[in-house]
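Participant: Structure for this input, please:
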Amino acid sequence: MQGMSERQYAARVGFSRGAIQKAKAAERLVLYSDGSIDADASDARRAETTDPSKVRGDRGASGAAKAPRTKPPAPKLKPVPEAALSAVGDTLREQGLAVPAVGGGTTFLQAKTANEVLKAQERRLRLQKMKGELIDRARATALVFRLAREARDSWVNWPSRAAALMAAELGVEAAGMQKALEIHVRAHLDELAEVRPEFR
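Facilitator: Numbers count the residues shown, from 1 in each chain. As a prediction, the model looks like this:
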């Protein structure tokens, strides 16, 4: 046998044989071609795939604490993108939680807290959308655009409807009144066209 048996590896790492079988089934162990366990490579793979927050103190089969054993060197982890760290910091800051200093690094606990906060926010938004309290941004933009166009068309047609009445009240020529109204209404509409609604 090239490597260790399940029983031998279980004794080496301080776990039950059942736990080793589960790790083997989940492909968290490295095996030789004869099915035996490559201990060093398996230690490294388990370290890479284990959530640090779920690691408990080493216990033997009796539940008593065992003497510390020599652990394999920690694997080199890929650097976390700056954008991801920035997002973690923003989320923590929004919730009034401690944010790591610039260059101080983000701890696993801080990243996990930010992740839980984001999941809670996402669930809240999904619930608000189901209740009809939120609408899709594209729909809102389309609705505002349609209403703005209808208002603009109404204003463009207004001088021709109102000019004759206003001219009669003021005792002036209707054509001149309509032309003046059209000039001022269009100038005002041009100013309103500068306004761009933003949905953030």
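
Participant: and the residue nearest to residue 49 when sequence neighbours are not counted, helix, strand or coil?
Facilitator: What sits nearest to residue 49 in space, not counting adjacent residues and going by CB to CB, 6 or more residues apart in numbering, is residue 28, at 5.5 Å. In this view, the C-beta of every residue, glycine as well, is placed from N, C-alpha and C. Applying DSSP: H, G, I helix; E, B strand; the rest coil to residue 28 yields a three-state assignment of coil.

Participant: Tell me who's in contact with residue 28.
Facilitator: Residue 28 sits next to 42, 45-46, 49 when contact means CB atoms under 8 Å, 6 or more residues apart in numbering.

Participant: most surrounded residue in the residues you listed?
Facilitator: residue 42 (23 neighbours; other CB atoms under 10 Å).

Participant: helices and strands around the strand or helix carrying that one, which ones?
Facilitator: Here residue 42 sits within helix 39-49, counting by DSSP states H and E. If you count contacts as 3 or more CB pairs under 8 Å, 6 or more residues apart in numbering; DSSP states H and E, helix 39-49 packs onto helix 6-13.

Participant: quick check: mean pLDDT across the helix it packs on?
Facilitator: Averaging pLDDT along helix 6-13 gives 92.

Participant: So what's the gap between the host helix or strand of residue 129 and the chain middle?
Facilitator: Element membership of residue 129 [criterion: DSSP H and E] is helix 108-130. Relative to its chain's centre, helix 108-130 lies at 8 Å (CA atoms, centre = their mean, to the nearest Å).

Participant: Next secondary structure after that helix?
Facilitator: Assigned by DSSP H and E, the successor of helix 108-130 is helix 137-170.

Participant: Now that next one: buried residues?
Facilitator: Residues 159, 163, 167 are the ones in helix 137-170 that count as buried (16 or more other CB atoms under 10 Å).

Participant: Now name the helix or strand holding the residue nearest to the second one when sequence neighbours are not counted.
Facilitator: Think residue 163. Nearest in space to residue 163, with sequence neighbours left out and distances taken as CB to CB, 6+ apart, is residue 178 at 3.4 Å. With elements taken from DSSP H and E, the one containing residue 178 is helix 174-192.

Participant: Between helix 137-170 and that helix, find me the angle.
Facilitator: 150 degrees (axes from the mean of the first three to the mean of the last three CA atoms, to 10 degrees).

Participant: got the domain boundaries for the protein?
Facilitator: 1-77, 82-130, 137-192 (automatic domain parsing).

Participant: mind listing what the most centrally placed residue in the chain touches?
Facilitator: By CA atoms, centre = their mean, the chain has its centre lying nearest to residue 118, at 6.3 Å. Residues counted as contacts of residue 118 (CB under 8 Å, 6+ apart) are residue 91.

Participant: any idea how far it is from residue 96?
Facilitator: According to CB to CB, to the nearest Å, residue 118 stands 15 Å off from residue 96.

Participant: What of residue 162?
Facilitator: For residue 162 relative to residue 96 (CB to CB), the value is 55 Å.

Participant: Likewise for residue 164?
Facilitator: For residue 164 relative to residue 96 (CB to CB), the value is 63 Å.
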